[in-house]
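Peer 1: turn this into a model:
(2 chains)
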Amino acid sequence: MNIDLPILEIRNLRAYINNNEILKNLNLTINRGEVHAIMGPNGSGKSTFSKIIAGHPAYQVVAGDILFNGKSILELEPEKRSHLGIFLAFQYPIEIPGVSNEDFLRLAYNSKQKFYNKPEVDPIEFFSIIDQKLKLVNMSSIFLTRNVNEGFSGGEKKRNEILQMILLESELSILDETDSGLDIDALKVISTGINNFMDSNKAIILITHYQRLLDYIKPDFVHVMQNGKIIKTGTADLAKELETKGYEWLK
Amino acid sequence: MNQSNKILNNNITKLVNQPYKYGFSTIIEKDIIEKGLNETVIHLLSKKKNEPIFLLKFRLKAYKKWKEMSCPQWAQLKFEEIDYQDVIYYSAPKIKKKLNSLDEVDPELLETFNKLGISLTEQKRLTNVAVDAVFDSISIATTFKEELAEYGVIFSSISEAIHEYTKIIEKYLGTVVPIGDNYFSALNSAVFTDGSFCYIPKNVICPLDLSTYFRINDQKSGQFERTLIIAEENSEVSYLEGCTAPQYDNNQLHAAIVELIALNNARIKYSTVQNWYAGDQKGQGGVFNFVTKRGLCAGDSAKISWTQVETGSSITWKYPSCVLIGENAQGEFYSVALTNNYQQADTGTKMIHIGKNTRSRIVSKGISAGNSKNTYRGLVSVNKKAIGARNYSQCDSLLIGNMSNANTFPIISVQNSKTKIEHEASTSKIGEEQIFYFLQRGISIEKGIELMISGFCRQVFTELPLEFASEADRLLSLKLEGSVG
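Peer 2: A predicted model of the protein is given here:
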């Protein structure tokens, strides 16, 4: 791995869903050790952007490229992208009935182990691994026996996402409105978890509507997305400015 | 359909199009009665089997009834009318003389059962299961007969039982499923050729699981088998049934009857893993499966439990039922029915509460993929005298993809006020977003679906005997999730 290369480089990206152009010539470069925040009005293409990086099959990329550690990932299946270290914390984590959280987490962990030719772990070994991580997001082990996201409160779902991010040791984590629907205590817990997880080898993209999250996780850059492209880039101060002025003045 | 649905469906199509493993056929010299059905054929059939006169009368009476009846139309099934004159009603491997031991069974037949994973030879037998192997119209071999006889347990083909235990057969045959119960039971009663007979004497817990393996081999022949299980007071038995058929592009007819009788405090557990050939991806070929299964809890505190995993057949029409007559009698029905491509399943149960404080429990799990149709049809009926009766029903449907179809028709009829009925139902879907969630976490689509299916079926699989539970899991994997490990 060449550490001088950006972890993520998006070049002139154009993407469609059902014949609607939804990303229009998007460019973005993210280096290791950086936290980027992406803000913007509803419908500006933020969630779409995150799903396209993760390889959601509903979207068609018609032009441009996405380079992860210098290599194009456009042709890679979503699970391969995951193994390489791309993680998406979903805005609305889906419920999976009949599948226990523990089985799900273990399978995710073992799939990655297998990909890297490392030994898979049995349920007992796995418990000691996951038990450590649970503490980082202040979750009790009761969550392991419940079905994935089933009957979880909004905050519990979001914590479960962060737990998975920590477990999979992802290099590039995209957090899609992880702060929405959280009370202030939960926000603090999650932010602490994210800050402890972050280091100079990783990168994080925070998609958010609120300055509030950025008080806890300090971004190196703030981008404003509108109408499928990034229209302004600045530092943490830009977020504060947006908080008072809204998006209208940028037009 | 948008792009992502296409991708999802392509993936699922890839997964579900696993070849049918048991589609081979065996070439063997056969003794058949020319196709077609009339009184002469029945006389001939009865003569070939050297049957007592009561049985010939039974058959002729059934044939007469059947001719007056018509094929039921109420099920959610669509199929072309069956030409009953184009079916072979008797097809048996030619046997030159009476067999004295398994060593004399045609090696071709032993090999067929070996390929199906059922070894009939002494050395390789399943150690804890006695097997009766039925090939087209007749029973080929029954294992562990002597060992079971030491306990007084009778386990034999029904043809043999008709000769050796004529009195018992005459007394019980057709008492649980009467000749004229329905169109297919009348047909079966007229032309049934073989099947299994089990008799568990008083106070005996059957030391082995008993099992019958049904194989339809002949392209044109129907299979009409008949099973009768009698559990005397305080006895207990677990019975397993497995089925496969070769892959032909015409439809084969299978119309069976199973009758169970449990006396005071007796327990019968009947498990089926049905994997008849289901037809190809376009719906061509496959077995038409019309089965009447019914258990009679005749005695107090008797218990009958049906567990079925239905994965094959192009058409399934089957409602294993319990008639709860004895006080405190219990009936159970646990079912997983999986349909794919153009398969159609209309299956469920009937729980008839007649005795006081009778209890029943229904857990039905339907999985539909492809263009298939999966229907649960159930009846819970509580009679006036069934004071204190209780029923719990749970019917869950799981849809895979956008073209499949699930229906639930639960009927509840209660005639006394001291009854407790609970019914729960749910429908869920393995959708694109759930699969993407798995993929994003690095879990393959196969593993993801496997995990969801096995979670969905868990309640039923835990009811299966151990040997069958792993087979059922494997079978569903094969049918749906692909062989990726």
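
Peer 1: which SSE is the closest residue in space to residue A:224 that isn't next to it in sequence in?
Peer 2: When the adjacent residues along the chain are set aside, residue A:224 lies closest to residue A:232, with 4.4 Å between them (C-beta to C-beta, 6 or more residues apart in numbering or on different chains). Using the backbone N, CA and C atoms, a C-beta is placed for each residue, glycine as well. Using DSSP states H and E, residue A:232 falls within strand A:229-234.

Peer 1: go on, residue B:170?
Peer 2: Using DSSP H and E, residue B:170 falls in helix B:166-172.

Peer 1: tell me which strands and helices the helix or strand following that helix is in contact with?
Peer 2: Beyond helix B:166-172 on the C-terminal side, the first helix or strand identified by DSSP H and E is helix B:183-191. The contact analysis (3 or more C-beta pairs under 8 Å, 6 or more residues apart in numbering or on different chains; DSSP states H and E) places helix B:183-191 against helix B:39-48, helix B:53-68, strand B:251-262, strand B:286-297.

Peer 1: looking at those, spot the one closest to chain A.
Peer 2: Comparison of those against chain A by C-beta to the nearest C-beta identifies strand B:286-297 as nearest, at 27.3 Å.

Peer 1: which helices and strands does the closest one pack with?
Peer 2: Contacts defined by 3+ C-beta pairs under 8 Å, 6+ apart place strand B:286-297 against helix B:183-191, strand B:251-262, strand B:267-274, strand B:303-310, strand B:315-318, strand B:321-324, strand B:330-339.

Peer 1: what inclination does the helix or strand just after the strand holding residue A:232 have with respect to strand A:229-234?
Peer 2: Heading C-terminal from strand A:229-234, the first helix or strand you meet, by DSSP H and E, is helix A:236-245. Direction vectors for helix A:236-245 and strand A:229-234, defined by axes from the mean of the first three to the mean of the last three C-alpha atoms, to 10 degrees, enclose an angle of 110 degrees.

Peer 1: which residues are contacting helix A:236-245?
Peer 2: Outside helix A:236-245, the residues within contact range by C-beta atoms under 8 Å, 6 or more residues apart in numbering or on different chains are A:37, A:39, A:210, A:211, A:214, A:218, A:219, A:220, A:222, A:224, A:232, A:234.

Peer 1: list buried residues within the residues you listed.
Peer 2: The neighbour-count test (16 or more other C-beta atoms under 10 Å in any protein chain shown) marks A:37, A:39, A:211, A:214, A:219, A:222, A:224, A:232 as buried among the contacts of helix A:236-245.

Peer 1: doesn't the fourth one lie inside a helix?
Peer 2: Yes. Assessed by DSSP: H, G, I helix; E, B strand; the rest coil, residue A:214 belongs to a helix.

Peer 1: show me the contacts for it.
Peer 2: The contact partners of residue A:214, taken as C-beta under 8 Å, 6+ apart, are A:37, A:206, A:208, A:222, A:236, A:239.

Peer 1: kindly recompute the last result at 10 Å.
Peer 2: The neighbours of residue A:214, taking C-beta atoms under 10 Å, 6 or more residues apart in numbering or on different chains as the test, are A:35, A:37, A:39, A:179, A:191, A:206, A:208, A:222, A:236, A:238-240, A:243.

Peer 1: between the residues you listed, which sits nearest chain B?
Peer 2: For the contacts of residue A:214, the minimum distance to chain B (C-beta to the nearest C-beta) is 17.6 Å, reached by residue A:206.

Peer 1: state the mean pLDDT of stretch A:219-234.
Peer 2: Model confidence over stretch A:219-234 averages 93 on the pLDDT scale.

Peer 1: I should have written stretch A:144-158 there, sorry.
Peer 2: Across stretch A:144-158, the average pLDDT comes to 92.

Peer 1: what do you get for stretch B:192-207?
Peer 2: 92.

Peer 1: please compute how far that stretch lies from its chain's middle.
Peer 2: Per C-alpha atoms, centre = their mean, to the nearest Å, the displacement of stretch B:192-207 from the mean C-alpha position of its chain is 17 Å.

Peer 1: I'd say residue B:404 and residue B:375 touch.
Peer 2: No. Here residue B:404 does not reach residue B:375: they are 11.8 Å apart, not a contact under C-beta atoms under 10 Å.

Peer 1: gap between the two ends of stretch A:116-125?
Peer 2: From the first residue to the last, stretch A:116-125 extends over 18 Å; the measure is C-alpha to C-alpha, to the nearest Å.

Peer 1: identify the residues contacting it?
Peer 2: The contact list for stretch A:116-125, computed with C-beta under 10 Å, 6+ apart, reads A:83, A:102-103, A:106-107, A:109-114, A:126-130.

Peer 1: one more time with 8 Å, if that's ok
Peer 2: Stretch A:116-125 is contacted by residues A:83, A:102, A:106, A:109, A:110, A:113, A:114, A:129 when judged by C-beta under 8 Å, 6+ apart.
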